[in-house]
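**Q** the following block contains a protein sequence and its predicted model.
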Amino acid sequence: MTQERLIKKYPNRRLYDTSQSKYITLSNMRELVIEEVPFKVIDRQTNEDITRSILLQIIMEQESGGKPLFSAELLMQFIRNYATASPETFSSFLGQSLSAFNENQKLITDQMQKTLSGTSFDAWLKMNEQNMQAWNQMQQNILKNLIPEK
């Protein structure tokens, strides 16, 4: 299991990854979440755990660009549940629902892979995936060379 990364948030609103000894962005934090890297964010001045606050900022950033995941009606229902439902019950329900959704997505993906395995479409998908990985690596290398590390 990967050790939990410690991220410090400084008064200038910058985030510092202590395990990599460099400043990171909310976008980098989002990547950590997607890659399931455990981390904890603390306020540098107070040592307060502000992980939830940072995660909410990431969601806000995601919601403000592109296609939002949450409709206004769904957000209103969230707010109403703060006032009317037991927070533990509501949180547990959401957690179980998301777990079931993720399990179903994985089952569907696995079934599609089994169905397409050995077909020409499968070979095309694998080639496309390799091309995307190479493209992403190339972009990262270009950006790394263009943006000096601080």
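**A** Noted; the coordinates are in hand. Numbers count the residues shown, from 1 in each chain.
**Q** how long is stretch 54-72 end to end?
**A** The straight-line separation of the ends of stretch 54-72 (CA to CA, to the nearest Å) is 22 Å.
**Q** now it: buried residues?
**A** Across stretch 54-72, burial judged by 16 or more other CB atoms under 10 Å covers 54-55. Using the backbone N, CA and C atoms, a C-beta is placed for each residue, glycine as well.
**Q** change the start of the numbering to 89 and stick with it
**A** OK, 89 is where the count begins now, so the last one is stretch 142-160.
**Q** pull the residues that contact it.
**A** Stretch 142-160 has contacts (CB atoms under 8 Å, 6 or more residues apart in numbering) with 95, 97, 103, 114-115, 117-118, 121, 129, 166.
**Q** phi, psi for residue 149 please.
**A** Main-chain dihedrals, residue 149, degrees, to the nearest 10: phi -60, psi -40.
**Q** for it, give its distance to residue 114.
**A** 6 Å (CB to CB, to the nearest Å).
**Q** residue 117: neighbour count?
**A** Residue 117: 23 surrounding residues under other CB atoms under 10 Å.
**Q** which ones are touching it?
**A** Residue 117 touches 95, 103, 127, 129, 142, 146, counting by CB under 8 Å, 6+ apart.
**Q** SS state for the fifth one?
**A** For residue 142, the reduced secondary structure class is helix; criterion used: DSSP: H, G, I helix; E, B strand; the rest coil.
**Q** repeat that for residue 111.
**A** Residue 111 - assigned by three-state DSSP - is strand.
**Q** distance of it from residue 132?
**A** According to CB to CB, residue 111 and residue 132 sit 12 Å apart.
**Q** repeat that for residue 194.
**A** Residue 194 is 38 Å from residue 132, by CB to CB.
**Q** between the two, who's got more neighbours?
**A** For residue 194 versus residue 132, the count of surrounding residues by other CB under 10 Å is larger for residue 132: 15 against 10.
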